[in-house]
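Trainee: sharing a sequence plus its predicted fold:
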Amino acid sequence: MTGHSVHADRCTQPVRLHGQVDHLDQATGELLHRYSTATEPGHVLLMPCKTRRAARCPSCAETYRADTYQLIRAGLTGGKGVPASVAAHPCLFVTLTAPSFGPVHTRREKNGRPLPCRPRRAGGACSHGRPLACNERHHADDPRIAAPICADCYDYTGAVLFNATAPELWRRFTINLRRTLARMVGMTQKEFGERARVSFAKVAEYQKRGVVHFHAVIRIDGPDGPETAPPDWATADLLARAVTLAAGNAQVTTPHSDSMPSRTQQWGAQIDIRPITTGGELTDNAVAGYVAKYATKAAECTGTLDRRITRADNLDDLPVSPHARRLIAECIRLGQVPELADLRTAHWAHMLGFRGHFSTKSRVYSTTLGALRAARADHARAQHADDLPDGETVLVIAHWLFVGLGHLNDKPNQPERTRHPSRGEAH
């Protein structure tokens, strides 16, 4: 077990551990083998941080991206315990977007040539006296892209509430989708569940304007999942029509308060639905790669922070864009409204109010990230099988102490914590 620190060499913020692992004969208590960090450089074991965020650790994020790719692709073409016959099941790539909260600067082009941002022949100004038109041809790195034409007209409250309720809006969409499919084929929900099953995997992506939208792979299986063929009436066209209806009917209403009336949140009008094929315009490899890429990104790509905002932070001093600063301020303000306490917008201000998981899937879509990580861990253990005692009577007892984050030549950024011994199971 020595030399495990090499696995964290590429990690930019490895976890430093101090301790030991003992392998004991369960019957006699005899010590069969001991691994101790005393043999490691600096007397610590460096373990990967395993973050999914590329902004924090590109190496660990790449591992997460690769795992997500395998998870998505297995649900499209089979493998990793999923039969290859799943490729014949009707499957769509769906993008659900947020509604508009006000006009923003954008980069438009035609045939590779940039076009004016928001041309208006009649001109005009908003209620704050600012022109509604923008005839500038923005370059790709222009910081004004996705910023409001008029920040005082922009609905920051609506944007934050949409982010905060997006997870619930997605849940209600999936419920509506199953109900809609059952109704379209003339069945009750129970009858539909006995003949077919809806499976999905989705990832959240931040648009530059600071609101999330969801990319999802949605599939119809037989009643037992990918192992069983769907009924003949289950087609991609039927699924596409059901997705459109279910998305249009999904909504979440926020509570009414003395300072703010209730608001109804819905998906935006732009819903992209495309079939996934093995050799067509949108292939399984392209979809898996696209979804996996966004699994490693978060809100920092919109000009905000990749850490929580605390009471010690001064909003005016935060290294964020003016648009992100207004969104963060609105998160904090809404967090003080008692009726909206469950949304915890102030706690998730650095995420601009979004508090959901970035990637989720239905239970039987394909394999799991846990299964992929377990297989990788089994492979790593097999490389050191000759160094460890084997047998059903071996008891493994581990004692670890967290001593910080970062490489040994980094400045300490975490205080030592109390020792937490962990007792392994016999194997």
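Mentor: Arrived safely, thanks for sending.
Trainee: all contacts plus neighbour counts: C-alpha atoms, from now on.
Mentor: Fine.
Trainee: how much space separates the closest residue to residue 150 other than its chain neighbours from residue 124?
Mentor: Of all residues beyond its chain neighbours, the one nearest residue 150 is residue 130 (6.8 Å), with distances taken as CA to CA, 6 or more residues apart in numbering. Residue 130 sits 8 Å away from residue 124, going by CA to CA, to the nearest Å.
Trainee: any weak-confidence spans in the stretch 51-200 of the chain?
Mentor: 121-123 (pLDDT under 70).
Trainee: just the helices in it please.
Mentor: 58-77, 156-184, 189-195 (DSSP state H, counting those that start in this stretch).
Trainee: to residue 210, which of these lies closest?
Mentor: Checking the helices of the stretch 51-200 of the chain against residue 210 by CA to CA gives helix 156-184 as the closest, at 7.9 Å.
Trainee: which positions in the closest one come out as buried?
Mentor: Neighbour counts using 16 or more other CA atoms under 10 Å place 156-167, 169-170, 172-174, 176-182 of helix 156-184 among the buried residues.
Trainee: go on, stretch 320-332?
Mentor: By neighbour count on 16+ other CA under 10 Å, the buried set for stretch 320-332 is 320-332.
Trainee: relative to residue 45, how far out is residue 404?
Mentor: Distance of residue 404 to residue 45, given as CA to CA: 11 Å.
Trainee: whoops, residue 368 was the one
Mentor: Taken as CA to CA, the span from residue 368 to residue 45 is 28 Å.
Trainee: try residue 67
Mentor: Residue 67 is 24 Å from residue 45, where distance means CA to CA.
Trainee: more neighbours: which of the two?
Mentor: The neighbour count for residue 67 versus residue 45, taken as other CA atoms under 10 Å, is higher for residue 45 (27 against 19).
Trainee: surely the more buried one meets residue 37?
Mentor: Yes - counting by CA atoms under 8 Å, residue 45 does reach residue 37; the two are 5.9 Å apart.
Trainee: which neighbours do those two share?
Mentor: residue 18 (CA atoms under 8 Å, 6 or more residues apart in numbering).
Trainee: show me where this structure has its strands.
Mentor: Secondary structure of the chain (DSSP state E): strands at 15-25, 31-36, 45-47, 91-96, 108-110, 113-115, 197-206, 212-221, 251-253, 264-266, 271-275, 359-361, 394-405, 420-423.
Trainee: now these as TSV including distance to residue 293?
Mentor: Shown next, in TSV, are those (distance: least, CA to CA, whole Å):
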stretch	distance to residue 293
strand 15-25	25
strand 31-36	37
strand 45-47	24
strand 91-96	15
strand 108-110	24
strand 113-115	27
strand 197-206	10
strand 212-221	11
strand 251-253	28
strand 264-266	26
strand 271-275	19
strand 359-361	11
strand 394-405	26
strand 420-423	35
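Trainee: lowest-confidence stretch among those?
Mentor: Note on the strands of the chain: lowest mean pLDDT is at strand 420-423, with a mean of 40.
Trainee: and the residue nearest in space to the middle of the chain, how close does it get to residue 97?
Mentor: Closest to where the C-alpha atoms of the chain average out (CA atoms, centre = their mean) is residue 358, at 1.6 Å. Distance of residue 358 to residue 97, computed by CA to CA: 15 Å.
Trainee: over to residue 144?
Mentor: From residue 144 across to residue 97, the span is 21 Å (CA to CA).
Trainee: ok so, going back, now, the buried residues of stretch 320-332 that are in helices?
Mentor: Among the buried residues of stretch 320-332, the members falling in helices (DSSP state H) are 322, 323, 324, 325, 326, 327, 328, 329, 330, 331, 332.
Trainee: including distance to residue 236 and pLDDT, could those go into TSV?
Mentor: Listed next are those as TSV, based on distance: CA to CA, whole Å; pLDDT from 0 to 100:
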residue	distance to residue 236	pLDDT
322	43	93
323	40	94
324	39	93
325	43	94
326	42	95
327	39	96
328	41	95
329	43	96
330	41	96
331	40	96
332	43	95
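Trainee: of those, closest to residue 363?
Mentor: Using CA to CA, those come closest to residue 363 at residue 331, 32.4 Å.
Trainee: surely that closest one meets residue 160?
Mentor: Yes - in this structure residue 331 lies within contact range of residue 160 using CA under 8 Å: 6.4 Å.
Trainee: taking the buried residues of stretch 320-332, tell me the two that lie furthest apart.
Mentor: Going by CA to CA, the pair spanning the buried residues of stretch 320-332 furthest: 321 and 332, at 16.5 Å.
Trainee: outside of stretch 186-195 itself, list whatever touches it.
Mentor: Contacts of stretch 186-195 (CA under 8 Å, 6+ apart): 178, 179, 182, 183, 222, 223, 230, 231.
Trainee: burial of residue 356, as a residue count?
Mentor: Neighbour tally, residue 356, other CA under 10 Å: 16.
Trainee: cool, the one 4 residues further on as well?
Mentor: Applying other CA under 10 Å, we find 13 residues neighbouring residue 360.
Trainee: again with residue 314
Mentor: 9.
Trainee: which residues sit in contact with it?
Mentor: No contacts exist for residue 314 under CA under 8 Å, 6+ apart.
Trainee: for burial, what's the neighbour tally of the closest residue to residue 135 other than its chain neighbours?
Mentor: The shortest distance from residue 135 to any residue other than its chain neighbours is 4.6 Å, reached at residue 116 (CA to CA, 6+ apart). Residue 116 has 17 neighbouring residues, counting by other CA under 10 Å.
Trainee: for residue 116, grab phi and psi.
Mentor: phi -60, psi 140 (degrees, to the nearest 10).
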